[in-house]
Every structure is written in structure tokens, then in C-alpha cells.
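Participant: Following is a predicted model, sequence given first.
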Amino acid sequence: GENVEQHPSTLSVQEGDSAVIKCTYSDSASNYFPWYKQELGKGPQLIIDIRSNVGEKKDQRIAVTLNKTAKHFSLHITETQPEDSAVYFCAASTYRGTASKLTFGTGTRLQVTL
Amino acid sequence: NAGVTQTPKFRVLKTGQSMTLLCAQDMNHEYMYWYRQDPGMGLRLIHYSVGEGTTAKGEVPDGYNVSRLKKQNFLLGLESAAPSQTSVYFCASRLAEVTGELFFGEGSRLTVL
């Protein structure tokens, strides 16, 4: 099955700096790559996603890039703010039969310091 | 709208006891999922359902059972709880499409002593 590796497990940046989180996946058939943000005591929430026919997608301060050849994708957060502090999960989805299976990475705890 | 609601939010069990976690969604979603979240292991799929009356096994189904008798509800049962089932459990739902946003509940923290 699909295996998603995520790095780093923890990341500390100063407010205003950029943060980059990287993920690799194993199944070349994966075609959907979402990123979820989990704040303390809450469930994960989708912040951005990308499909395999697109190389990059931006939404204000966040962007995701996808390299299908190398089977890796990354989340970029620019001008970080304290409210960006959270755990971020990448995921990869492969459609098989009647349902797509979403496999999550192990998460990155991002801390934005003042 | 409430979105995805999980009950209870916290529970402490003794080894061997049974319990049921309830997930309810008011978005008319076809697909529902149960995940467990453990430190350093991300979110792992336990069971899922593609519609009312259907269930299927995920990545870590052993020790759990599920039922989807009504479209809006997805129940996760532990028949004989074990300490290894101490975890935070998340329910999620999404529309019946191949890809799309998962909407998560706020989680249920279960401790098995």
C-alpha cells in the first residue's frame, strides 16, 4: 500500500520567516495530495490540496508544490504568524475501486516564535 | 450547521470493558471514516463506509467494529478494550467523490487502563 513520509517532525521558525514541510510518497498511482492543519484540541482541517495534473498551487501565504517524477510534494508557508503554530499533516490519495484511500504522513509540529 | 460531532469527547475504560463512539454528521455526506491518532504515527484509518449499510476495513481494523445503520451516523465499537487502544479517535466525512475535503470531528480521547 501507499507509504507517506513527512519531514521534519518539528519545526521552529521566527515570526515573518518561511516554513517548508516536505513529504514523499511511494505509490506512483497517487493523484491527490491534501494538507491538513490541526490546532490544539481540534480535528484536522484542510488548508490546501493539489492534484497530480498540477505542479504548484498557491493560496495567499501558503503554497504546495508537487514533483511527480520524484514522488514528493511540499508545503510552503511565507511570512509566518503565531496563528500558524499547529501540527500539519500531508496525505496522498490513490483511487482503488469504490473508495479512495487517504494515507497520512506522521505530522510536523510547527512553532512560530515572536 | 454542526458539521461532524463525536461523543463522548473523553472516556476512561478498564481492560476488557466495551464501549461505542458515536459520530454524527449533518452534511448529507456519503463517505464516513474512523481514524486513530497516536504520537509519531499520524492518522491511521480504522474502518470506513461508502454509504448507509456498508462498512469496510481500513489499515488498523483489529479490535474494532463499526456500523452505519443511518446515513448520518457512524458508530465505532470496542468489544473488549485493550491498553493498546488508548488513543485519540477522529471521525471524518466527505461527499461521495473520489477526491475532496475530509471534514473531521474534534476527536474522542480514550484511555484504557
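Facilitator: Happy to help now that I have it.

Participant: Output the set of residues of chain B in proximity to chain A.
Facilitator: Within chain B, the positions adjacent to chain A are B:4, B:31, B:35, B:40-45, B:48, B:50, B:56, B:58-59, B:90, B:92, B:98-99, B:101-102, B:104-107 by C-beta under 8 Å from any C-beta of the partner chain. C-beta here means a position set from N, CA and C on the backbone, and glycine is covered the same way.

Participant: Weed out the non-buried ones from those.
Facilitator: Buried by 16 or more other C-beta atoms under 10 Å in any protein chain shown: B:4, B:31, B:35, B:42-45, B:48, B:50, B:58-59, B:90, B:92, B:102, B:104-105, B:107, out of the residues of chain B next to chain A.

Participant: Take those and keep only those in strands.
Facilitator: B:4, B:31, B:35, B:42-45, B:48, B:90, B:92, B:104 (DSSP state E).

Participant: What is the lowest-pLDDT residue among those?
Facilitator: pLDDT is lowest at residue B:42 among these; the value there is 89.

Participant: how near is that residue to residue A:30?
Facilitator: Residue B:42 sits 16 Å away from residue A:30, going by C-beta to C-beta, to the nearest Å.

Participant: next one: residue B:79
Facilitator: Remark: distance between residue B:79 and residue A:30 (C-beta to C-beta) = 34 Å.

Participant: which of the two has more neighbours?
Facilitator: Taking residue B:79 and residue A:30 together and counting by other C-beta atoms under 10 Å in any protein chain shown, residue A:30 has the greater number of neighbours (23 against 12).

Participant: which non-adjacent residue is nearest that one?
Facilitator: residue A:92 (4.3 Å; C-beta to C-beta, 6 or more residues apart in numbering or on different chains).

Participant: between the host helix or strand of the one you found and strand B:42-49, how big is the angle?
Facilitator: Per DSSP states H and E, residue A:92 falls inside strand A:86-96. Between the axes of strand A:86-96 and strand B:42-49, defined by axes from the mean of the first three to the mean of the last three C-alpha atoms, to 10 degrees, the angle is 40 degrees.

Participant: where's stretch B:59-78 relative to the chain centroid, distance-wise?
Facilitator: 6 Å (C-alpha atoms, centre = their mean, to the nearest Å).

Participant: right, I mislabeled it, should have said stretch B:8-18
Facilitator: Averaged C-alpha coordinates place stretch B:8-18 at 15 Å from its chain's average position (C-alpha atoms, centre = their mean).

Participant: ok, back up a step: who's the residue nearest to residue A:30 bridged to?
Facilitator: residue A:103 (DSSP bridges).

Participant: That concludes my questions; thank you for your assistance.
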